[in-house]
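Visitor: Got a sequence here, can you model it:
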Amino acid sequence: MDSLTLPELISALTGLAMLSIALLRGWSGWLALKHRELDVVSKADQPAQPSATHRIEIADLKERIRKLEAIAAGVDL
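Guide: As a prediction, the model looks like this:
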């Protein structure tokens, strides 16, 4: 069985180094993708600030509920 010569050994080590670098870059990219996904999820969990239109609609609904409760209680408005 022949032993590896110096150029073959250097070529094998260079190829191994290139493969290792490519795998580490892929792993780093995958981790960056997962960090971005987690950022999106954490931002989606935070409640959005209600807009003025939503606040007006909620106030209108509360007023309607108050009037319906007054009608149910027999109070004239």
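Visitor: Which of the helices or strands spans residue 29?
Guide: Using DSSP states H and E, residue 29 maps to helix 6-45.
Visitor: how much distance is there from that helix to the middle of the chain?
Guide: 21 Å (Cα atoms, centre = their mean, to the nearest Å).
Visitor: ok, then the element right after that helix?
Guide: Following helix 6-45 in sequence, per DSSP H and E, is helix 52-73.
Visitor: can you dump the C-alpha coordinates of that next one into CSV?
Guide: Output of helix 52-73 as CSV, limited to C-alpha atoms (Å, rounded to 0.1, in the frame of the first residue of the first chain):
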residue,chain,number,x,y,z
ALA,A,52,-57.6,56.2,16.3
THR,A,53,-60.2,54.5,14.2
HIS,A,54,-60.1,51.4,16.4
ARG,A,55,-60.4,53.5,19.6
ILE,A,56,-63.4,55.3,18.1
GLU,A,57,-65.1,52.0,17.2
ILE,A,58,-64.5,50.6,20.7
ALA,A,59,-65.9,53.7,22.3
ASP,A,60,-69.0,53.4,20.0
LEU,A,61,-69.4,49.8,21.0
LYS,A,62,-69.1,50.6,24.7
GLU,A,63,-71.8,53.3,24.3
ARG,A,64,-74.1,50.9,22.5
ILE,A,65,-73.6,48.4,25.3
ARG,A,66,-74.3,51.1,27.9
LYS,A,67,-77.6,52.0,26.1
LEU,A,68,-78.6,48.3,25.8
GLU,A,69,-77.9,47.8,29.5
ALA,A,70,-80.0,50.9,30.4
ILE,A,71,-82.9,49.6,28.2
ALA,A,72,-82.7,46.2,29.9
ALA,A,73,-82.7,47.9,33.3
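Visitor: so what's residue 54 up against?
Guide: Residue 54 sits next to no residue when contact means Cβ atoms under 8 Å, 6 or more residues apart in numbering. In this view, the C-beta of every residue, glycine as well, is placed from N, C-alpha and C.
Visitor: pLDDT value on it, please?
Guide: The confidence metric pLDDT takes the value 87 at residue 54.
Visitor: Kindly report the same for residue 35.
Guide: Looking at residue 35, its pLDDT is 94.
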